[in-house]
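Q: Fold the following and give me the result.
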Amino acid sequence: NRGIQVAAGNYVAFFETDMIADRSWLAEMVKFFQTHPRVGAAHSRVFDLKRKKHIQADGMLLIPHTGWVVMRNYGRTVSQADGSISPCLIGSVGTFVRRSLLKQIGGFDEKIGHKVDDLDLGWRLWLTGYQTVSLPSAITYHWGAKPNSARPISSLKSEIYFHRMPRVFIKNYEARNVFKYLPWLISLNLIRSLKHALSGNLLPLRAFLTSLVWTLSTLPDTLNQRRAIQRNRKISDSFLMKKIMIPGNFFHIWNRYVLNTHKIAETIFS
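A: Okay, here's the model as predicted:
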């Protein structure tokens, strides 16, 4: 957020230390934004840094029950991919955002930390009434399946931040959907953690319990944030469901999207 405050231009570009960019990346973004005033943010076409023929993400779609993401065109080559400019949820890899909108929503929620803070930011950008899209002509490369030694935070911290998604749900969903999806989120994350524990890995369960205590302790602040976000929101959850969320019941989504993502990760990006 400090960088957002001192930025002097009309746009802010998100670029991480494990990325490189095509030389036309910024030019493509600026050209697009100048002719699309209702677009608030755009996600680049991200290729894998080690396997440059394969796409990591053309933006993301959100699973409404859990906040887990499905990356558009994941694992596909250019000839296999949908090349359209499509609505999506942005991440922090190769994303371009209007600075005025970032200031309007207060930038990142720094209480969340890493892992899901960019999803929260992308969600809140949509609530302002602006669209966020994928822009396949703007190209970046990201090192995806890297060893833990090359990651910026420990595995425990990564898991703890992953389990802070309840704050995102409470802030951004309409009340009826908080009550509808928050139990799914907590239950499925608990099942995931217990499954790991039974196989001898206690780290996810430890992180789940730590984050649950954190969620309860920060609830007053979360509710204050919620009141401001809901008071200023311009679009409904039903509109968002059609634009950036995957329809269907969770078991359908799991079988069609989540298992397929795991398969691609193991066969292409492992």
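
Q: C-alpha from now on. contacts and neighbour counts both.
A: Fine.

Q: So residue 162 sits against residue 115, correct?
A: Yes. With contacts defined as CA atoms under 8 Å, residue 162 counts as touching residue 115 at a distance of 5.7 Å.

Q: Compare those two (neighbour count), which wins?
A: A direct count of neighbours by other CA atoms under 10 Å for residue 162 and residue 115 places residue 162 higher, at 23 against 19.

Q: quick one: the more buried one from residue 191, how far?
A: In this view, residue 162 and residue 191 are 15 Å apart by CA to CA, to the nearest Å.

Q: and what of residue 153?
A: Using CA to CA, residue 153 is found at 24 Å from residue 191.

Q: mind listing the helices for the protein?
A: In the chain, the helices defined using DSSP state H lie at 2-6, 25-35, 99-105, 117-127, 155-162, 165-172, 175-198, 203-217, 219-232, 237-244, 250-253, 259-267.

Q: possible to save those helices as JSON lines with mean pLDDT and distance to residue 51?
A: JSON lines is the format used below for the helices of the chain (pLDDT from 0 to 100; distance: least, CA to CA, whole Å):
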{"stretch": "helix 2-6", "mean pLDDT": "56", "distance to residue 51": "31"}
{"stretch": "helix 25-35", "mean pLDDT": "95", "distance to residue 51": "19"}
{"stretch": "helix 99-105", "mean pLDDT": "93", "distance to residue 51": "32"}
{"stretch": "helix 117-127", "mean pLDDT": "96", "distance to residue 51": "24"}
{"stretch": "helix 155-162", "mean pLDDT": "92", "distance to residue 51": "24"}
{"stretch": "helix 165-172", "mean pLDDT": "98", "distance to residue 51": "30"}
{"stretch": "helix 175-198", "mean pLDDT": "97", "distance to residue 51": "29"}
{"stretch": "helix 203-217", "mean pLDDT": "97", "distance to residue 51": "29"}
{"stretch": "helix 219-232", "mean pLDDT": "97", "distance to residue 51": "40"}
{"stretch": "helix 237-244", "mean pLDDT": "96", "distance to residue 51": "27"}
{"stretch": "helix 250-253", "mean pLDDT": "94", "distance to residue 51": "27"}
{"stretch": "helix 259-267", "mean pLDDT": "91", "distance to residue 51": "12"}
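
Q: so which of the ones you listed gets nearest residue 64?
A: Nearest to residue 64, of all the helices of the chain, is helix 175-198, at 7.0 Å by CA to CA.

Q: Can you give the contact residues for the closest one?
A: Residues from elsewhere that reach helix 175-198 (CA atoms under 8 Å, 6 or more residues apart in numbering): 64-67, 163, 166, 169-170, 202-205, 208.

Q: change it to 10 Å
A: Helix 175-198 has contacts (CA atoms under 10 Å, 6 or more residues apart in numbering) with 64-68, 162-163, 165-174, 200-209, 212, 226, 230, 237, 250.

Q: Now the buried members of the residues you listed.
A: 64-68, 162-163, 165-174, 203-208, 212, 226, 230, 250 (16 or more other CA atoms under 10 Å).
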